[in-house]
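Student: Got a predicted structure plus its sequence, pasted below:
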Amino acid sequence: MGSQMTSHSCAAPKLRNIGVAAHIDAGKTTTTERILFYAGVTHRLGEVDEGSATMDWMEQERTRGITITSACTQVEWRDHAINIIDTPGHVDFTVEVERCMRVLDGAVAVFCAVGGVEPQSEVVWRQADRYRVPRVSLVNKMDRIGADFGRVLRHMKERLKCVPIPIQLPIGAEADFEGVVDLIGQRALIWDEGSLGEHYRIAEIPDELRDRAHALREELIAICAEVDEELLDMHFEEVPIPPSRIIAALRTKTISLEVFPVLCGSSLKNRGVQPLLDAVVDFLPAPHQVDSITGVDPASGETVEVAFGDRNLAALVFKVMAQDAYQTLCYARLYSGEIVRGGVVRNAVSGEDERIGRILRMHSNRSRQIEKARAGDIVALIGLKHTTTGETLCSSNRPVALEGMSFPEPVIQAVVEARSAADQRPLEDSLSQFAREDPTFRLSVDEETGQTLIGGMGELHLDVIVQRLRDERGLEVRKGKPQVAYRESITIAAEHEDVFHRQVSGARLSARALVRVEPSAKGAGVEVCERVPPERGIPAPLLADAVQLLKDASTTGPVAGYPLIDVIVTLLDVTTQGEELSAVAIQSSAARAHGEALRSAAPTLLEPIMAMEVSVPAECTGAVLKDIGARQGEILGVESRPESDIARAHVPLARVFGYSTDLRDLTRGRGTFTLRPHSYEPIERSPLNLAGALRDRDTRN
């Protein structure tokens, strides 16, 4: 076993920054708990089901049995320091995975040996692809009924479009799972029944697995020979190949994202975790081995390259979290330079200088103060007053803003009210702090009703926020029924010309504006531009003001006042009459032309469509599919698995509120489901949903 992490920073070659990510209930937090135990950081096995997991420190995580917020820790293994971030698996909290993947050098993807590649597994895999994060994978729960290592490998190829390379083979499965075949070392690793898994014995490969192990090793050697040609010659000449040579070649292929090593085990049964730690050290990159990153100079907009060895500071704040009502932790990844306690750094986005009050090495919700953080480190900072998620800390003599992160828009809203007038201000302050922590949580006040609206990624997301208000801030609040976050768009292009004439204080104001609106690609948002011919002679400041007015007018749609998306607005022409140019006349004609153009462009109301996956006993599948159809869901397919059927569908969000209760009734408590945002689609296909959308509008107004 490893020893507890010492207080100094580790040299870059012996540092790893990894995340553990998976679909909910694949066992990633249990895996992280075993890592802490075998590395000597904890001295007892934390269990998710018992609410004793070290990394699930929030009260709600322990009572609900799920990870809600990412948690950081550091362990030592084989003289390497490993910074580990345990991430949530529930889709409502996918923002935690997104911002962690942005700053990690490597990741461990955990898959259930029964469920295989599940929906959230695909989501986190794509997030890692987006940030080019090398991965090793663990096929967990090999002790479960229906475990199938080969099926998970097929899922990875088909659904993730990747090249999984098994470096282990399970010995037994389900109740007979006892260990793994190490294909690199050509040996068997056996864990004894009933132990805590600290030790395993090395044995010969079982006879019944020799042929399969030989075939897989041939594939492994062929992959490694692509970067080390002598390996193949050594193999054909039957010269013993040192495991270190195979590891070096496979490491090169892994870091370049060409292949993804796959291991197997059962974290709950304490089998297979130590080889996983070895794989993290062997195959995932150190901070200095990843590509240099680029940022921009905030003043000039020029590209700035940030290399690991630079003396100037470049650190990305990827998470902000309230430690209590008065103190905030800012989690930062250092890409170059260093941060010293008491030092002053610059926020490249706001231009404000920030003094570093304390630097903390985190272990879940506990911490240890350190004096200095260097390039490659992941630490929490206290004392930052003007910094939030996605912003860069840098040296004042070399300002650089690193690329931030993009987050999905909320799909659901609800009204919250304080129980008493005395609680209203604390409620607003607490919600504002939560919004600073979580970029997918939105806080707003309806201007007409004065009601406080909270928005998020799902019912669970908002339920957690309300519970946090009660648990952490002692505030009793009422939450109204959830409302769908509808959107509006247009379906055809349209142009409109408006002429503005008015006599004001003896002066005649006159202008003509021509505005065009047209649909854009899904997810493109709203783009506003101007193409006014230069010969019109309209001063640039007046055109800029008109464009800004069109941007402001494009925040809401013409149907029911919901946010407008996926539209291009172009100010095509502006002319004026008389000698006097009037900003009022130009803006008024442009605004009226814009409104009429939108109304002429066949505007449509859009509703969020959710990708749903439902796991049900086979005898209940028919009833569940019928219920999904009644909810206007589109059935995509049904997959039969040993323990259950998996139904996949696209369903309007408005039709799945309270679905957990209905599913429990349909399956006698044995069904489970997951939801994730898929797209926005026109609502006209559903008169019932349209009525609901208009009711939501009336409620807001």
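Tutor: That came through, no problem.

Student: Now residue 342: closest residue in space that isn't a chain neighbour?
Tutor: Distances taken as CB to CB, 6 or more residues apart in numbering place residue 356 nearest to residue 342, at 6.4 Å, with adjacent residues excluded. No exception for glycine: its C-beta is placed from N, CA and C like everyone else's.

Student: Just give me the neighbour total for that neighbour.
Tutor: Number of residues near residue 356 (other CB atoms under 10 Å) recorded here: 21.

Student: who touches it in this structure?
Tutor: Residues in contact with residue 356, defined by CB atoms under 8 Å, 6 or more residues apart in numbering, are 339-345, 381-384.

Student: so of these, which ones are in strands?
Tutor: 339-340, 344-345, 381-382 (DSSP state E).

Student: what's the helix or strand for the spatially most central residue of the chain?
Tutor: Central residue of the chain (CA atoms, centre = their mean): residue 98, 2.6 Å from the mean position. Take DSSP states H and E as the rule and residue 98 turns out to sit in helix 94-101.

Student: Now the element after that helix, going C-ward?
Tutor: Moving toward the C-terminus from helix 94-101, the next element (DSSP H and E) is strand 106-112.

Student: any idea of the mean pLDDT in that following strand?
Tutor: Per-residue pLDDT values across strand 106-112 average out to 96.

Student: any residues touching the next helix or strand after that strand, and which ones?
Tutor: Next in sequence after strand 106-112, counting helices and strands by DSSP H and E, comes helix 119-130. The contact list for helix 119-130 (CB under 8 Å, 6+ apart) reads 21-24, 26, 87, 89-91, 94, 97-98, 101, 107, 109, 111, 117, 135, 159-160, 162, 611, 613, 648, 674, 676.

Student: residues of helix 119-130 that come out buried?
Tutor: For helix 119-130, the neighbour count (16 or more other CB atoms under 10 Å) marks 119-125, 127-128 as buried.

Student: go on, stretch 576-593?
Tutor: When burial is assessed from 16+ other CB under 10 Å, stretch 576-593 yields the following buried residues: 576, 582, 585-593.

Student: Average pLDDT for it, rounded please.
Tutor: Computed over stretch 576-593, the mean pLDDT rounds to 82.

Student: Alpha carbons of that stretch, as PDB, please.
Tutor: Taking C-alpha atoms only, stretch 576-593 is exported to PDB below (Å, rounded to 0.1, in the frame of the first residue of the first chain):
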ATOM      1  CA  THR A 576     -32.500  59.500 -43.400                       C
ATOM      2  CA  GLN A 577     -34.200  62.500 -44.800                       C
ATOM      3  CA  GLY A 578     -33.200  66.100 -44.100                       C
ATOM      4  CA  GLU A 579     -29.900  67.500 -43.000                       C
ATOM      5  CA  GLU A 580     -30.100  66.300 -39.300                       C
ATOM      6  CA  LEU A 581     -29.300  62.800 -38.400                       C
ATOM      7  CA  SER A 582     -31.400  61.400 -35.600                       C
ATOM      8  CA  ALA A 583     -30.400  58.400 -33.400                       C
ATOM      9  CA  VAL A 584     -34.000  58.300 -32.200                       C
ATOM     10  CA  ALA A 585     -35.400  58.000 -35.700                       C
ATOM     11  CA  ILE A 586     -32.900  55.400 -36.800                       C
ATOM     12  CA  GLN A 587     -33.400  53.200 -33.700                       C
ATOM     13  CA  SER A 588     -37.100  53.500 -33.800                       C
ATOM     14  CA  SER A 589     -37.400  52.500 -37.400                       C
ATOM     15  CA  ALA A 590     -34.900  49.600 -36.900                       C
ATOM     16  CA  ALA A 591     -36.800  48.300 -33.800                       C
ATOM     17  CA  ARG A 592     -40.200  48.400 -35.600                       C
ATOM     18  CA  ALA A 593     -38.800  46.700 -38.700                       C
END
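
Student: Please state the offset of it from the chain centre?
Tutor: Taking the mean of its C-alpha atoms, stretch 576-593 sits 46 Å from the chain's own mean (CA atoms, centre = their mean, to the nearest Å).

Student: Check the protein for its longest helix and report it.
Tutor: Identified as the longest helix of the chain according to DSSP state H is helix 583-600.

Student: helices or strands next to that helix in the packing?
Tutor: strand 494-504, strand 507-519, helix 540-553, strand 567-576 (3 or more CB pairs under 8 Å, 6 or more residues apart in numbering; DSSP states H and E).

Student: Name the residues that touch the shortest one?
Tutor: Spelled out, that is strand 567-576. For strand 567-576, with CB under 8 Å, 6+ apart as the criterion, the contacting residues are 489-490, 495, 510-520, 526-533, 536, 538, 543, 546-547, 550, 554, 582, 585-586, 589-590, 594, 598.

Student: That strand relative to strand 494-504, how many degrees between them?
Tutor: What separates the directions of strand 567-576 and strand 494-504 is an angle of 40 degrees, with axes from the mean of the first three to the mean of the last three CA atoms, to 10 degrees.

Student: For strand 567-576, which strands pair with it and how are they oriented?
Tutor: Using DSSP bridges, strand 567-576 pairs in its sheet with strand 507-519 (antiparallel), strand 526-530 (parallel).

Student: Mean neighbour count, those: which tops it?
Tutor: Burial among those, expressed as mean neighbours by mean count of other CB atoms under 10 Å, is greatest for strand 507-519, which shows a mean of 21.

Student: Could I have the CA atoms of it written out in PDB?
Tutor: Only the C-alpha atoms of strand 507-519 are listed here, as PDB (Å, rounded to 0.1, in the frame of the first residue of the first chain):
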ATOM      1  CA  ALA A 507     -37.800  69.400 -35.900                       C
ATOM      2  CA  ARG A 508     -38.900  66.700 -38.300                       C
ATOM      3  CA  LEU A 509     -37.300  63.300 -37.500                       C
ATOM      4  CA  SER A 510     -37.300  60.900 -40.400                       C
ATOM      5  CA  ALA A 511     -35.500  57.600 -41.100                       C
ATOM      6  CA  ARG A 512     -36.000  54.300 -43.000                       C
ATOM      7  CA  ALA A 513     -34.600  51.000 -41.900                       C
ATOM      8  CA  LEU A 514     -34.600  47.600 -43.600                       C
ATOM      9  CA  VAL A 515     -34.100  44.500 -41.400                       C
ATOM     10  CA  ARG A 516     -33.800  40.900 -42.400                       C
ATOM     11  CA  VAL A 517     -34.300  37.900 -40.000                       C
ATOM     12  CA  GLU A 518     -33.500  34.300 -40.900                       C
ATOM     13  CA  PRO A 519     -33.100  30.900 -39.100                       C
END
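
Student: Centre of the chain to that strand, how far?
Tutor: 42 Å.

Student: the inter-axis angle of that strand versus helix 540-553?
Tutor: Using the same axes, to 10 degrees: strand 507-519 against helix 540-553 is 50 degrees.

Student: Strand 507-519 relative to helix 583-600, how many degrees between them?
Tutor: Using the same axes, to 10 degrees, the direction of strand 507-519 lies 30 degrees away from that of helix 583-600.

Student: start the count at 4, not 1, going forward
Tutor: Right, with 4 as the first residue, what we last looked at is strand 510-522.

Student: Pass me the low-pLDDT residue ranges in this structure, would you?
Tutor: 4-14, 49-56, 58-71, 92-95, 326-329, 450-452, 507-510, 581-584, 687-704 (pLDDT under 70).

Student: just to revisit the earlier point, from the contacts of helix 122-133, list the buried ones, please.
Tutor: Listed as buried from these are 24-27, 29, 90, 92-94, 97, 100-101, 104, 110, 112, 114, 120, 138, 163, 165, 614, 616, 651, 677, 679; burial here means 16+ other CB under 10 Å.

Student: Would you mind listing the residues in contact with the closest residue in space to residue 167 that isn't next to it in sequence?
Tutor: For residue 167, ignoring the flanking residues on the chain, the nearest one in space by CB to CB, 6+ apart is residue 159 at 4.3 Å. Under the criterion of CB under 8 Å, 6+ apart, the neighbours of residue 159 are 114, 120, 140, 165, 167, 263, 265.

Student: same thing with residue 447?
Tutor: Applying CB under 8 Å, 6+ apart, the residues contacting residue 447 are 455-456, 458.
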